[in-house]
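this one's structure only:
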């Protein structure tokens, strides 16, 4: 049965209170049909209206054909976490329409293709049918281009139903197509036709609409991978080695783009950087360690399976004390797992990556601003501490578009750490692994140092403080004690936690990464109901005394994270055994970004382990 409209009740739209700038849209389409252009047009149009928005692409790990969903959060309060329900559904995938409509909350609306023979009927939602084939036929397009233009139909229909000005859609498409007006106009033709048809043929009977605000003025939209790649360029990266893997590929794509624009000799125009696609992740980390030893600022990007392959070379980098930066844009494991879903399951494996007694420095960005900042800061840390530094982002942060203030150019000079010149070697002498300053960090020289005593061998076997091969027990004990001392130095060198300490709050929350957005919203809800909470967001490992003090200040502390086993909870218990019983794990992983609804329910119900 072709249902043009199913109204949930007899109340007219004029009589019903409007819900303005406070709902979620989900577009259900098939992967590979060009829906991303349509979805980004809606997202950016809302952003250009001054409305706080966030888009999350939930896509399958294949090239074409499987279902994909794009979630757009619209929030006049500025919340950007995923909502646990979406009130506005674009049902443009016949394969999932039954399931998609079933998930709509009561009072929601469904925009669907009326060329289908039937759609599920619900008395408690409003359904609007759009004759998609009519608009596609009018374009005269053939083949795959028909699928692409079909998605622009729902852009026009939603613009009419929600109140998005067509001019904002045009501006969004102009940005997407980089000013190529022929492409913009061909798409806008379909958008406008659907917009006008909807105005004439559909009587709006739902409360959802948008209205212009000024909450995005001066802001930009960018993905975490783009921000991290740009930050790495500004941080002085000159060598990139990588092997493609979802969801980190766009990090190196962004670096390649920005390096080509920003890293050339001003006189000759020649490149002053290199980007190398290696045969695998093991080769990639080997290359950046070689470049780091030679004095270059070198970086690779990968995800969980790549981290596994990098274990041996990570141990070499830790023990030979070579600076390098490894971005891990986390996805769901084990094994291939869910390659296009988000998670935080690499924390333990990366913290202890390498065999033997190894602990690594980890940065934990939560925002695109921190992706940019840590892109630069990671190199300073790697060179100051003379060790590989890992940056653990995730798919949600890395691949989706987020609002942010424009980035600030790093105003501090590059921190190269303890690098001796030939004159300094002559004056001070040189012992590569000698702890002169008591911080566990030795002095190093770079290839090209002219002093005959400036050379050293970066071996992975036992060595003494002069980098000379040794299996003497006392040399081994001394070296490992120094490495432990260096790790303690890192505790005060890495970015400090962000803390919101609420007076008289007995409940504390510790988290890291993108769970922050759901937690911020959840804490507001809890506070409104009389439950006060303090919040500490970890931005790095290892932890310092501030974390121990935060736990000590509260009766119970929930550690919230996106993995099954509570990996950060386990690390914190290990690092603070004397107060470990105060820590309660709230670990949850279904592949989706966390919601405030889950956080509130988990805390109020006292869940955890």
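Now that the structure is in, tell me what you want to look at. Model, not experiment: these values are computed from the prediction. Residues are numbered from 1 along each chain as shown.

pretty sure residue 348 contacts residue 573?
No: with contacts counted by C-beta atoms under 8 Å, residue 348 stays clear of residue 573, the gap being 11.9 Å. For glycine as for every other residue, the C-beta is placed from the backbone atoms N, C-alpha and C.

thought residue 345 was touching residue 566?
No: Residue 345 lies out of contact with residue 566 (C-beta under 8 Å); the separation is 10.9 Å.

and residue 134, how many residues sit next to it?
Using other C-beta atoms under 10 Å, residue 134 is surrounded by 14 other residues.

how about it, phi and psi?
Dihedral pair for residue 134: phi -60, psi -40, per degrees, to the nearest 10.

same thing with the one 5 residues further on?
The phi and psi values for residue 139, taken as degrees, to the nearest 10, are phi -80, psi -30.

that one touches residue 189, doesn't it?
Yes: between residue 139 and residue 189 there is a contact under C-beta under 8 Å: 7.2 Å.

secondary structure element for the spatially most central residue of the chain?
The centroid of the chain falls nearest to residue 397 when counting by C-alpha atoms, centre = their mean (1.6 Å). Using DSSP states H and E, residue 397 falls within helix 395-399.

what residues does the next helix or strand after that helix touch?
Later in the chain than helix 395-399, the nearest helix or strand by DSSP H and E is strand 401-404. For strand 401-404, the surrounding residues in contact (C-beta atoms under 8 Å, 6 or more residues apart in numbering) are 40, 43, 47, 52-55, 80, 216, 219-224, 227, 367-369.

the same query, at a cut-off of 6 Å, please.
Under the contact criterion C-beta atoms under 6 Å, 6 or more residues apart in numbering, strand 401-404 has outside partners 55, 219, 221, 223, 368, 369.

sort out for me which of these are in helices.
Within the contacts of strand 401-404, residues falling in helices by DSSP state H are 368, 369.

mark which of the contacts of strand 401-404 are buried, thanks.
Buried members of the contacts of strand 401-404, counted by 16 or more other C-beta atoms under 10 Å: 55, 221, 223, 368, 369.

excluding its backbone neighbours, what's nearest residue 219?
In this structure, residue 219 finds its nearest non-sequential neighbour in residue 403, 5.0 Å apart by C-beta to C-beta, 6 or more residues apart in numbering.

got a pLDDT number for the residue nearest to residue 540 when sequence neighbours are not counted?
Nearest residue to residue 540, sequence neighbours excluded (C-beta to C-beta, 6+ apart): residue 494, at 3.5 Å. On the pLDDT scale, residue 494 is placed at 98.

any idea how far residue 494 is from residue 138?
Using C-beta to C-beta, to the nearest Å, residue 494 is found at 59 Å from residue 138.

follow-up on the earlier one: the residue nearest to the centre of the chain touches residue 222, doesn't it?
No: using C-beta atoms under 6 Å, residue 397 makes no contact with residue 222, being 11.0 Å away.

for residue 79, see how far away residue 452 is.
63 Å.

which of these two has more neighbours?
Taking other C-beta under 10 Å, residue 452 and residue 79 do not tie; residue 79 has more neighbours (19 against 9).

where does the stretch 51-200 of the chain have low pLDDT?
Low-confidence segments of the stretch 51-200 of the chain (pLDDT under 70): 63-64, 141-144.

all helices of it, in order?
97-102, 132-139, 144-162, 166-176, 181-201 (DSSP state H, counting those that start in this stretch).

what packs against the fourth one?
With contacts defined as 3 or more C-beta pairs under 6 Å, 6 or more residues apart in numbering; DSSP states H and E, helix 166-176 has these neighbours: helix 35-48, helix 181-201.

same deal with the second one?
Packed against helix 132-139, as judged by 3+ C-beta pairs under 6 Å, 6+ apart, are the following elements: helix 144-162, helix 181-201.

who touches the first one?
If I follow you right, that is helix 144-162. The contact list for helix 144-162, computed with C-beta under 6 Å, 6+ apart, reads 33-35, 38, 41, 90, 111, 130, 132, 135-136, 139, 141, 169, 187, 190-191, 194-195, 198-199, 204, 209-210.

write the PyMOL selection for whichever of these are buried.
PyMOL command restricting the contacts of helix 144-162 to the buried ones, with burial defined by 16+ other C-beta under 10 Å:
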select buried, resi 33+34+35+38+41+90+111+130+132+135+136+139+141+169+187+190+191+194+195+198+204+209+210
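
how many neighbours does residue 605 have?
Neighbours around residue 605, by other C-beta under 10 Å: 8.

against residue 502, how distant is it?
With C-beta to C-beta as the criterion, residue 605 and residue 502 are 21 Å apart.

with neighbour numbers in mind, choose between residue 494 and residue 138.
Shown here are residue 494 and residue 138; by other C-beta under 10 Å, residue 494 has more neighbours (23 against 12).

isn't that one right up against residue 541?
No: here residue 494 does not reach residue 541: they are 7.4 Å apart, not a contact under C-beta under 6 Å.

sorry, back to before: please identify the most buried of the helices and strands packed on helix 166-176.
Highest mean neighbour count among those (mean count of other C-beta atoms under 10 Å): helix 35-48, with a mean of 24.

so which elements touch it?
strand 53-58, helix 144-162, helix 166-176.

what comes up buried for the longest one?
Taking 16+ other C-beta under 10 Å as the basis for neighbour counts, the residues of helix 144-162 that come out buried are 146-162.

tell me the contacts of residue 399?
By C-beta under 6 Å, 6+ apart, the contact list for residue 399 reads 223, 247.

where's it relative to residue 476, distance?
Taken as C-beta to C-beta, the span from residue 399 to residue 476 is 44 Å.

do residue 343 as well
Plainly put, residue 343 is 37 Å away from residue 476 if you go by C-beta to C-beta.

now residue 559. Its backbone dihedrals?
When read as degrees, to the nearest 10, the backbone of residue 559 gives phi -100, psi 110.

I'd assumed residue 571 was in contact with it.
No: Residue 559 lies out of contact with residue 571 (C-beta under 6 Å); the separation is 9.4 Å.

which one's more surrounded, these two?
Remark: of residue 559 and residue 571, residue 559 carries more neighbours, 26 against 20, as counted by other C-beta under 10 Å.

tell me the confidence at that one?
The model's pLDDT for residue 559 equals 98.

tell me which element residue 240 is part of?
With DSSP H and E as criterion, residue 240 is part of strand 239-242.

any idea which helix or strand comes after that strand?
Next along from strand 239-242, by DSSP H and E: helix 249-262.

quick one: residues in contact with the helix or strand following that next one.
As assigned by DSSP H and E, the chain's next helix or strand after helix 249-262 is strand 274-277. Strand 274-277 is contacted by residues 239, 240, 241, 256 when judged by C-beta under 6 Å, 6+ apart.

stretch 373-387 now?
228, 231-232, 234-236, 297, 321, 323, 325, 363, 365, 389, 391, 410, 415-417, 490.

in ChimeraX, how would I select the buried members of those residues?
Applying 16+ other C-beta under 10 Å to the contacts of stretch 373-387, the buried members can be selected in ChimeraX as follows:
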select :228,231,232,234,235,236,297,321,323,325,363,365,389,391,410,416,417,490
